[in-house]
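# What follows is a predicted protein model with its sequence.
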Amino acid sequence: MSNLGWYQVMTTAAKKVGGPQNLFLLTLSAGGVLYKGSEVAIKQVVKKVKNLNKKPEAIKTYTATANGKGSKDLILNIGDTYRILETDGESVLIEKIGDSNNPYFVSADFLRSVSDFA
């Protein structure tokens with residue numbers, strides 16, 4: 001074995017692929033494929049982790065059992081449905097199904113008084 005080390009490895013590889021330009025292009029494209037492949041894989045993992053961390057009440061829909069007027073323009077009539085987007089203590093962010101003026105911040109007490117929210 002010679003004392004040329006990596007230089008000898010690189011020149012041998014360049015000869016096998018048709019010169020240093022081809023070796024450079026192959027190395028560049030292999031790096032691009034590796035980068036893009038890892039990017040796609042990481043995005044899929046992040047999406048799955050986010051789906052695992054969703055709260056179960058974010059999926060459940062609730063139904064209004066009484067008429068009531070909440071904060072701002074929110075009016076819940078009997079039979080209206082909504083879903084919980086986020087909660088923070090007694091503040092609840094809801095999405096009223098079929099309403100174009102979403103989301104609404106309301107109190108948990110209000111939701112308990114007009115719907116099947118527990």
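Structure received.

# Going by C-alpha atoms from here, please, whenever you check contacts or count neighbours.
Will do.

# Do a quick rundown of the helices in this structure.
6-17, 20-52, 108-114 (DSSP state H).

# could you turn the last one into CSV, dropping everything but the C-alphas?
Taking Å, rounded to 0.1, in the frame of the first residue of the first chain, the C-alpha atoms of helix 108-114 are listed here in CSV:
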residue,chain,number,x,y,z
ALA,A,108,-66.0,26.6,29.7
ASP,A,109,-68.9,27.6,31.9
PHE,A,110,-70.8,29.0,29.0
LEU,A,111,-70.3,25.8,27.0
ARG,A,112,-71.4,23.6,29.9
SER,A,113,-74.6,25.7,30.2
VAL,A,114,-75.7,25.4,26.6
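
# So for P56, what's the pLDDT?
Looking at P56, its pLDDT reads 56.

# ugh, wrong one, K72
Residue-level confidence at K72 comes out at 72, pLDDT.

# ok, back up a step: JSON lines for the helices of the chain, including mean neighbour count and mean pLDDT?
As requested, the helices of the chain are exported to JSON lines (neighbours: other C-alpha atoms under 10 Å; pLDDT from 0 to 100):
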{"stretch": "helix 6-17", "mean neighbour count": "12", "mean pLDDT": "94"}
{"stretch": "helix 20-52", "mean neighbour count": "12", "mean pLDDT": "94"}
{"stretch": "helix 108-114", "mean neighbour count": "16", "mean pLDDT": "89"}
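
# Nearest to T63, out of those?
Each of the helices of the chain has some distance to T63 by C-alpha to C-alpha; the shortest is helix 108-114, at 8.7 Å.
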